[in-house]
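In: Dropping a prediction and its sequence here:
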Amino acid sequence: MRTKPLCVILGGFIVQNAALLSVPKIIAGSNAIETLGKEIVGIGRKPLLIIGSGSIKQNGTLDRLTAGLGENYALFENVPSDPDIETVNAGLTVYRTSDCDCIVAAGGGSVLDAAKAIGLLAANAGKITDYEFTPPKYKCPPIVAIPTTAGTGSEVTKWSIITDPVLKKKMAIGHEYLMPAMVVLDPILTISMPREVTAATGMDALTHAIEAFISDKATPLSELWSLKAISMLTKNILTATYNPTDIHARTEMLLGQMYAGVAFNNSSVALVHAMSRPLGAYYGIPHGEANAMLLATVLEFNRLACTDRYKPIAEAVGIRTENKDRDYIAKSLVSYVAELFSALPLKNKLRQFEVSVDDIPKMAKDAYVNASARVNPRKALESEVISIYKSIY
């Protein structure tokens, strides 16, 4: 159920639900990373540089980062693809023992999420599990977020997803105090992504944009960002995947995923994410791949509950809607997303990830109680979640 509109006057026009949460500064463009040295001066004295364990060393990105930072920094590396409680604690130890006062995070969504969680504990007492449902008292130290994939939008959101391996769950920790102080979007940094990662992260971003648009929490302003993201991502994901050096496609994907991040940061994600998180927590399935497998199927599940909401999305992806009835348009959108997914080099069945059918009821229960499921336009029963999982098994 949508909340009662809040009216705000912007530029002489009355806009409903117009509050927009965003980062203070975004620097975008080819070789934007070269500005890091100049920008970091006004942010902190000694940064903790956080990176993953992938190609950031081999492709020269780390050298470019450290050239801008000089010698006065500490390094925390090898953040895994699903950062967990141990990752956060280890990074916090390096931050404190190295006397850091700010953070520079360069990598995919996992690195950026870890950075926000580390920053949260650098400013607040306790354990990261304390903040799954309790807001922090203090703002994180300044974070510079530099995404090297085009998918999560974490650089512009208040969210940090951290795995609790004991409970087999992904904690969604969210508060505006976690938002970075600055974002650097450099499409050159994304060229080295393997095509499977390009495809998966691109579908992750598309899922963010679509779910933000159909969520019960969508607002007129978040919808603008959603539709722009949907258009940019669908027009460029195949080119970026199969022609990785196409800098225009890489730029559009990087900007598009950022727009999607702004959208869901001011709206929410929905059932796809509620169902993909257990797949990551139980089996380590990469988040983008889990979302990609689920998106078309969940869109079909939602179709009758939000047929009218599908028309603007269909138009954003280029489907002709004039003189077409709403059912035709909605079905066309579901087919379009399914065909786009099938054109990408991604696995399409849970069994390809060695998921046990015996775990489906447990994962369905986790998804059913997830907050993202509660803002889905069609409220799924636990038995329906089980059916969706089995349909892609």
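Out: Happy to help now that I have it.
In: going forward, measure contacts between C-alpha atoms and count neighbours the same way
Out: Will do.
In: low pLDDT regions in the stretch 251-393 of the chain?
Out: Screening the stretch 251-393 of the chain residue by residue with the criterion pLDDT under 70, one finds no matching range.
In: you'd agree Q58 is in a strand?
Out: No - when classified by DSSP: H, G, I helix; E, B strand; the rest coil, Q58 is found to be coil rather than part of a strand.
In: How much space separates it from E289?
Out: Using CA to CA, to the nearest Å, one obtains 25 Å as the distance from Q58 to E289.
In: same question, V375
Out: Between V375 and E289 the computed distance is 22 Å (CA to CA).
In: A199 is in contact with L346, correct?
Out: Yes - between L346 and A199 a contact is recorded at 7.3 Å, counting by CA atoms under 8 Å.
In: between those two, which one's more packed in?
Out: Each of L346 and A199 has its neighbours counted (other CA atoms under 10 Å); A199 has more, 27 against 18.
In: wait, what's in contact with the more buried one?
Out: Taking CA atoms under 8 Å, 6 or more residues apart in numbering as the criterion, A199 is in contact with 237-238, 241, 344-346.
In: what does the model give G60 for pLDDT?
Out: At G60, the predicted lDDT confidence score is 88.
In: ugh, wrong one, V88
Out: As predicted, V88 sits at a pLDDT of 98.
In: Quick check: which element contains it?
Out: Using DSSP states H and E, V88 sits within helix 85-97.
In: Packing partners of that helix?
Out: When contacts are defined as 3 or more CA pairs under 8 Å, 6 or more residues apart in numbering; DSSP states H and E, helix 85-97 sits against strand 74-79, helix 109-123, strand 159-164.
In: Of all the residues in that helix, which ones are buried?
Out: By neighbour count, and taking 16 or more other CA atoms under 10 Å as the criterion, the buried residues in helix 85-97 are 85, 87-89, 91-92, 94-95.
In: Return the closest of those residues with respect to T297.
Out: Of all the buried residues of helix 85-97, I85 has the smallest distance to T297: 31.9 Å, by CA to CA.
In: For that closest one, which residues are in contact?
Out: For I85, the contacting residues are 128, 162-165, taking CA under 8 Å, 6+ apart as the criterion.
In: picking that back up, and the helix holding V88, how far from the chain's centre?
Out: Once both centres are worked out by CA atoms, centre = their mean, to the nearest Å, helix 85-97 turns out to sit 23 Å from its chain's centre.
In: next SSE after it?
Out: Under the assignment DSSP H and E, the closest C-terminal helix or strand after helix 85-97 is strand 102-107.
In: so how far is that following strand from its chain's centroid?
Out: Here strand 102-107 is found 17 Å from its chain centre; the criterion is CA atoms, centre = their mean.
In: just stretch 232-247 next, same as before
Out: On CA atoms, centre = their mean, the centre of stretch 232-247 falls 18 Å from the chain's centre.
In: and if you look at stretch 77-86?
Out: Offset of stretch 77-86 from its chain centre (CA atoms, centre = their mean): 16 Å.
In: and S22, how many neighbours does it have?
Out: Residues lying near S22 (other CA under 10 Å) number 20.
In: Which pLDDT value belongs to it?
Out: As predicted, S22 sits at a pLDDT of 92.
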